[in-house]
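# Next comes the sequence, and after it the predicted model I'd like to discuss.
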Amino acid sequence: MVVINPPTPTDTRSALADWLELQTLVDARGVSTRSTLLNVLDILEDDAAEPNLVDAETGEVLDEAILEEGRQQFIDIAFEELDYRQQILGESYPFEVDAARHRLALKEDQANQPGQVVYLFCLLACAIRERKLQPTNVLTQAEQQIADAFQVCACLAAGGYLNGEVSSFGFPRATGTGFLTALRQTFARFGIGTVRATDDIPDGLPTSLKDGGIDVIAWRNHPDGMPGKMYLIGQCASGTKWREKTVTEYIDQLHGAWFTQQPAKHSTPAMFIPFPFHHDIEEPQGSFSDTVKNRFWYEEPRFGMIFDRLRITHFANACMAFTAPHRDQVEGAERFDQVIAWVQTTRQTAGLVHA
């Protein structure tokens with residue numbers, strides 16, 4: 001059984017919410033409350049062992065009323081974030097939030113609701129990537145499997161969003177096919193675009209490319225089957241340094257180097273991450289919602305469409321609700337059991353299963 005690293009007073013609202021969700025998974029009743037946060041705050045303050053806490057700017061000793069106000073704000077923003085997640089995801093959120101009573105409870109039978117499975121996968125994957133679960137070596141195998149399972153979630157999200165077809169292009173591919181073969185198979189389905197023949201590759205191009213920086217290719221066909229369609233090219237980034245990556249730099253390279261007839265001039269770049277987009281955004285002076293909206297706007301030119309934990313959960317759930325013939329057009333859907341198994345095994349290994 002692992003130990004969940006405690007929150008700190010400098011944690012963002014998203015990090016606090018994640019901590020409470022993890023605590024709810026391990027609690028014997030499947031419940032976390034205001035007291036759960038207060039207890040850990042008491043421990044942190046005892047560890048600080050300062051008889052008189054002072055204001056960092058003025059040096060004045062803070063009275064108990066000011067300290068209590070700060071603790072209450074700490075709790076309020078955490079439950080505000082949890083309530084936000086519940087409002088966005090509805091039935092796909094695996095917890096029940098009572099913001100007025102500061103109570104979080106785990107729903108039953110999460111394995112039967114695809115959105116809830118995807119959410120728990122993203123929550124646990126983030127906790128592992130952020131080293132929030134100690135000792136980390138207990139979850140080495142789970143961490144090694146994150147990227148592969150996350151690509152399944154990303155493909156489902158792309159399919160659910162576009163209501164269309166998806167190629168799971170990231171390496172290693174479940175089919176075991178090489179780069180050019182996978183590219184030909186994908187664009188044969190796409191309906192237009194001529195991939196270079198193996199003996200027509202210009203000197204200097206890489207001969208052992210894995211996926212060219214591209215993990216997900218998705219599109220939505222017209223009834224007439226003709227070109228000029230919604231066309232998405234995405235990259236998955238399951239680690240904390242996702243902002244150091246972008247698929248936009250690979251799209252022109254893909255179309256320009258590997259096709260003799262390009263499939264399309266216009267495509268939508270996308271980034272898939274298991275974190276809430278605002279996971280590292282600190283409390284602003286003004287509206288938190290406006291701050292997040294502005295950050296999305298700011299990052300869009302570099303990353304394109306960003307699918308974070310909440311968006312992935314919502315649209316993956318929508319995809320799994322497709323009828324079988326429709327869902328069969330989304331590569332990865334047939335491997336959703338892999339995500340379910342990862343969540344169940346990881347929770348058992350980590351001891352994040354309430355009695």
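Done, it's in.

# which residues of this protein score low on pLDDT?
For the chain, the stretches with pLDDT under 70 are 42-70, 354-355.

# switch the cut-off to 90
1, 8-10, 37-74, 108-112, 171-178, 198-199, 206-211, 245, 352-355 (pLDDT under 90).

# Tell me where the longest strand sits in it.
strand 230-236 (DSSP state E).

# Other residues contacting it?
With contacts defined as CB atoms under 8 Å, 6 or more residues apart in numbering, strand 230-236 is touched by 147, 150-151, 154, 158, 161-162, 164, 170, 190, 213-220, 245-247, 250-251, 254, 263-264, 266-273, 304-305, 307. Glycine gets a C-beta too; all of them are placed from N, C-alpha and C.

# One more: stretch 201-218?
Contacts of stretch 201-218 (CB under 8 Å, 6+ apart): 151, 154-155, 158-159, 161-162, 164-173, 179, 186, 190, 231-236, 247, 249-251, 253-254, 257-258, 270, 272.

# Now the residue nearest to V292 when sequence neighbours are not counted: which helix or strand?
Closest residue to V292 apart from its sequence neighbours, by CB to CB, 6 or more residues apart in numbering: H278 at 4.6 Å. Per DSSP states H and E: H278 is located in neither a helix nor a strand.

# Would you agree H278 is in contact with R295?
Yes: taking CB atoms under 8 Å as the definition, H278 is a contact partner of R295 at 7.0 Å.

# Look at those two and report which has more neighbours.
With neighbours defined as other CB atoms under 10 Å, H278 and R295 compare such that H278 has more, 21 against 15.

# residue contacts, that one?
12-14, 288, 291-292, 295 are the contacts of H278 under CB under 8 Å, 6+ apart.

# Could you check how far A174 is from R101?
45 Å (CB to CB, to the nearest Å).

# Look at the two and report which has more neighbours.
Remark: of A174 and R101, A174 carries more neighbours, 15 against 10, as counted by other CB under 10 Å.

# With I251 as the reference, measure out to that one.
From A174 over to I251 (counting by CB to CB), the distance is 23 Å.

# Same check on S267?
As defined by CB to CB, S267 lies at a distance of 6 Å from I251.

# Show me the helices in the stretch 151-300 of the chain, by range?
179-190, 248-258, 288-303 (DSSP state H, counting those that start in this stretch).

# by contact count, what packs against the last one?
Helices and strands touching helix 288-303, by 3 or more CB pairs under 8 Å, 6 or more residues apart in numbering; DSSP states H and E, are strand 268-272, strand 305-307.

# The nearest residue to E299 once chain neighbours are set aside bridge partners, please.
In this structure, E299 finds its nearest non-sequential neighbour in I306, 6.4 Å apart by CB to CB, 6+ apart. Assessed by DSSP bridges, I306 has beta-bridge partners M271.

# Share the number of residues neighbouring I306, please.
19.

# Can you say which of the helices of the stretch 151-300 of the chain is packed in most?
Most buried of those by mean neighbour count (mean count of other CB atoms under 10 Å) is helix 179-190; its value is a mean of 18.

# Which residues outside that helix are in contact with it?
Residues contacting helix 179-190 (CB under 8 Å, 6+ apart): 165, 167, 169, 171, 173, 175, 177, 193-196, 198, 209-212, 217, 219, 231, 258-259, 263.

# Centre of the chain to that helix, how far?
The chain centre lies 27 Å from the centre of helix 179-190; the measure is CA atoms, centre = their mean, to the nearest Å.

# Now D76: phi and psi?
Backbone geometry at D76, expressed as degrees, to the nearest 10, gives phi -60, psi -40.

# what number of residues lie near it?
14.

# any idea how far L89 lies from F315?
11 Å.

# I should have written R196 there, sorry.
Applying CB to CB to R196 and F315 gives a distance of 33 Å.

# who's more crowded, those two?
For the pair R196 and F315, the greater number of neighbours falls to F315 (24 against 16), based on other CB under 10 Å.

# circling back: how about the contacts of H278 in TSV, adding distance to A341?
Listed next are these as TSV, based on distance: CB to CB, whole Å:
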residue	distance to A341
T12	31
R13	31
S14	27
F288	36
T291	38
V292	33
R295	35
